[in-house]
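In: Here is a sequence with its predicted model. Questions after.
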Amino acid sequence: MTEHHGCVNWNAANLLGLKAGCHPAHFDADTLFGDTLKVYLDLSGVDFEKKTEGFTADAVVRATVQCVLINALASREAYHRVLRGAVKAKHIQLEVRGCEKYASLGGVWDCDKDLANLPRKARFF
């Protein structure tokens, strides 16, 4: 683990090099894609042979997919400058980039039907 001024980074996803975010248009234009919030998980910088605190990269990727969906769900409502009011995504689209093995973990989910019971799994190792 890395220490810096008394802080310790315990975030396994960060330590393995996973990067998550949302489509830039959500910030630049304050807009959704129809009724969809687009997010991604980038695995291009991950060392899949590395373990972090005993967790395999596979376990960290699978847990992080749920974390990204949970955060997207919590962030699906925002103020829209042009419409001058709140907009709320009905769907979350997750793209898993950088490793074909995990691309199938991505998809499009209905916020109210498909994502109502997150997290789906509590143990990944």
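Out: Great, that's in hand.
In: Could you check which helix or strand contains Ala78?
Out: Using DSSP states H and E, Ala78 sits within strand 77-80.
In: for the protein, what helix or strand is lowest in average pLDDT?
Out: strand 3-4 (a mean of 58; mean pLDDT, DSSP states H and E).
In: sorry, back to before: the strand holding Ala78 - contacts with which helices or strands?
Out: strand 85-88 (3 or more CB pairs under 8 Å, 6 or more residues apart in numbering; DSSP states H and E). For glycine as for every other residue, the C-beta is placed from the backbone atoms N, C-alpha and C.
In: so what does the next helix or strand after the strand it packs on touch, helix or strand wise?
Out: Next helix or strand after strand 85-88 toward the C-terminus (DSSP H and E): strand 91-97. When contacts are defined as 3+ CB pairs under 8 Å, 6+ apart, strand 91-97 packs onto strand 36-42, helix 57-74, strand 107-110.
In: Figure out which of these is closest to Pro24.
Out: Comparison of these against Pro24 by CB to CB identifies strand 36-42 as nearest, at 9.6 Å.
In: what about stretch 24-41, how long is it end to end?
Out: 14 Å (CA to CA, to the nearest Å).
In: Please disregard the earlier target; I meant stretch 100-118.
Out: 24 Å.
In: show me what contacts the residue nearest the centre of the chain?
Out: The chain has Val68 as the residue nearest its centroid, 2.3 Å off, counting by CA atoms, centre = their mean. By CB atoms under 8 Å, 6 or more residues apart in numbering, the contact list for Val68 reads Ala20, Val39, Leu41, Leu94.
In: What's the separation between it and Cys7?
Out: The gap separating Val68 from Cys7 is 23 Å, by CB to CB, to the nearest Å.
In: what's the answer for Cys99, then?
Out: As judged by CB to CB, Cys99 and Cys7 stand 29 Å apart.
In: Who has more neighbours out of these two?
Out: Each of Cys99 and Cys7 has its neighbours counted (other CB atoms under 10 Å); Cys99 has more, 16 against 8.
In: what number of residues lie near the spatially closest residue to the more buried one that is not a sequence neighbour?
Out: Residue nearest to Cys99 in three dimensions, not counting chain neighbours: Leu43, with 4.2 Å by CB to CB, 6 or more residues apart in numbering. Using other CB under 10 Å, Leu43 has 23 neighbouring residues.
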